[in-house]
Structure formats: structure tokens, C-alpha cells
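**Q** Provide a 3D model corresponding to the input given below.
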Amino acid sequence: MVLPASMRLRGHRCFDHLHRRGKRFHGTLMVLRKAASNPKLLRRNSKVVPGRGQSPSCRIAVVISGKVHKRAVVRNRLRRRMHDHLRRRFESRSEHADLWLMISLRPGADTGEANLLEECDRLLEQAGLKP
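**A** Modelled structure (predicted):
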């Protein structure tokens, strides 16, 4: 299962904001960027309308370049696993609703799912986001 639309972060303006204003947390397999949200940068059709049964939650982007793995199938599988892991961590937590996160995998990050998820949790804890 992938992130609900209310948690997914898309658009080059959002990514530029995270690169310019985001605080970085480095690991051996990935880099986590955390920044305060800026709803004005979101696409019009991706804004969550309050009161429609969706609780506010942080928005998350997972970036995996072609240097991580040559095959798109493998990159997409890694992205789905990361999205699912992050969804379980943040779906029911509204105290991080004013944050945007971006996780960028480094080359060689396809070493194993367990290592990847452990490092993700470690970086989330460094960023003060561990539930």
C-alpha cells in the first residue's frame, strides 16, 4: 500500500523548498530533509480539505535516482516499501502536520529492506520524529 494522497508530496516547488530550507540528517544509505510546510507551494488539486474525514498529517516524498539501481522495477519497489513504512509511522499522528519530509536514497541503498528501514527509523529519531 502506498501513501494516501494527503501524505504524498509532489511538485518541483515543494522539492526546491525542501532543498533550500530543509534541515538535513545524513545516513549511509539515505538523506532525510525536514522543513516547515508551505501550503502555498502545493498544487491546487492536492490540497486537503479539512472536514472530509482526513486528518492532517505530514507530507512525505521519497526520491530514488537511477544510480541506486538500474531497473525501474527495483526502484519502484523500494519506493513503495519506504512509503508504506512511513505511512505506518505518520498516518495517525497529527502533531507533525506542519512538516514536509524528503528521503533521498544514496547509490547502493538496495542492499536490503531491513537495513533501509532501520536507517530510516534512526534518521527519523535524529530529526525528533520517532513516535
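
**Q** neighbours of Ser94, just the number please.
**A** Other residues near Ser94 number 12, with proximity taken as other C-beta atoms under 10 Å. (C-beta placed from N, C-alpha, C; glycine too.)

**Q** quick thing: my sequence starts at 221, can you match it?
**A** OK, 221 is where the count begins now, so the last one is Ser314.

**Q** Tell me the spacing between Arg326 and Thr248.
**A** Going from Arg326 to Thr248 by C-beta to C-beta, to the nearest Å gives 7 Å.

**Q** Of those two, which one has the most company?
**A** A count of neighbours by other C-beta under 10 Å puts Arg326 above the other of Arg326 and Thr248, at 15 against 10.

**Q** can you tell me how far the more buried one sits from Leu319?
**A** Counting by C-beta to C-beta - Arg326 and Leu319 are separated by 22 Å.

**Q** Ala256 now?
**A** Using C-beta to C-beta, Ala256 is found at 7 Å from Leu319.

**Q** So for the two, which residue has more residues nearby?
**A** Between Ala256 and Leu319, Leu319 has the larger neighbour count (other C-beta under 10 Å), namely 17 against 11.

**Q** How about the contacts made by the more buried one?
**A** By C-beta atoms under 8 Å, 6 or more residues apart in numbering, the contact list for Leu319 reads Lys254, Ala255, Ala256, Ser257, Cys278, Arg279, Leu349.

**Q** repeat for Arg244
**A** For Arg244, the contact set (C-beta under 8 Å, 6+ apart) comprises Val251, Leu252, Arg253.

**Q** change it to 7 Å
**A** Arg244 makes contact with Val251, Arg253, according to C-beta atoms under 7 Å, 6 or more residues apart in numbering.

**Q** Likewise for Val288?
**A** By C-beta under 7 Å, 6+ apart, the residues touching Val288 are Arg295, Leu325, Pro327, Ala329, Asp330.

**Q** Quick check: the third one touching Lys287?
**A** Pointing back at Pro327 there. Yes. Taking C-beta atoms under 7 Å as the definition, Pro327 is a contact partner of Lys287 at 4.2 Å.

**Q** hang on, isn't Glu311 packed against Cys278?
**A** No. Applying C-beta under 7 Å, one finds Glu311 not in contact with Cys278, separated by 9.9 Å.
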